[in-house]
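Peer 1: Just need the structure, nothing else, for what follows:
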Amino acid sequence: MGMGSDLVELFRGVVRLETELWNRVDAAVQGGHGVPLTWLEILQTIDAHPGCRVLDITRTLAITVGGASKIVDRIERAGLCRREPNPSDARSNTIVLTEAGELLLAAANTTFERTLDDLVGGAADASELARLTASVQRLRRHLLAEPDQGSE
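Peer 2: Numbers count the residues shown, from 1 in each chain. Model prediction:
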């Protein structure tokens, strides 16, 4: 099997694994907390980035500005976050969690981590998972450094 075939199998495996994991974790988060995994990822990003802007969400989650803004609008309407004037740039807003958002995030993070542990924790040892994580991060950095071939 040549490198091309190996890369095709890697692509297929990573995409299918992501889809299967996403669907199961999404079901657990929605079932336990009434919000989709997409919202949890946005809440996690807001929490991890003091002074968070929509642009920070797009960069962290590799989604479009329009998509991120629409999801933030929905989360804000649900009372889980709010936009505030950006003290360092009057043309933009920062996004902060409300008290309800912080409470939901804490509870949903527990479900998120427990579900991942149940689904994947026993399938590989810690060193194997650490190597896989490092490889995935390295591949993402490589892709981010490359010009986007799909936009030409």
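Peer 1: residue contacts, the most centrally placed residue in the chain?
Peer 2: Central residue of the chain (C-alpha atoms, centre = their mean): Glu41, 4.3 Å from the mean position. Residues near Glu41 by C-beta atoms under 8 Å, 6 or more residues apart in numbering: Leu61. The C-beta positions use only the backbone N, C-alpha and C, and glycine is treated the same way.
Peer 1: just how off-centre is whichever helix or strand it is part of within its chain?
Peer 2: Secondary structure assigned from DSSP states H and E places Glu41 in helix 37-48. Its chain's C-alpha centre and that of helix 37-48 lie 7 Å apart, by C-alpha atoms, centre = their mean, to the nearest Å.
Peer 1: what's the angle between the strand or helix carrying Leu103 and helix 37-48?
Peer 2: Leu103 belongs to helix 99-120 when assigned by DSSP H and E. Interaxial angle of helix 99-120 relative to helix 37-48 (axes from the mean of the first three to the mean of the last three C-alpha atoms, to 10 degrees): 120 degrees.
Peer 1: Let me see the ranges of the strands in the protein.
Peer 2: With DSSP state E as the criterion, the chain has strands at 81-85, 93-97.
Peer 1: These: which one's closest to Glu113?
Peer 2: strand 93-97 (18.3 Å; C-beta to C-beta).
Peer 1: counting contacts, what elements does that closest one pack onto?
Peer 2: Judged by 3 or more C-beta pairs under 8 Å, 6 or more residues apart in numbering; DSSP states H and E, the packing partners of strand 93-97 are helix 37-48, helix 54-61, strand 81-85.
Peer 1: Compile the ones you listed into TSV and extend it with columns for mean pLDDT and distance to Glu18.
Peer 2: Formatted as TSV, the entries for these read as follows, by pLDDT from 0 to 100; distance: least, C-beta to C-beta, whole Å:
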stretch	mean pLDDT	distance to Glu18
helix 37-48	98	12
helix 54-61	95	13
strand 81-85	95	26
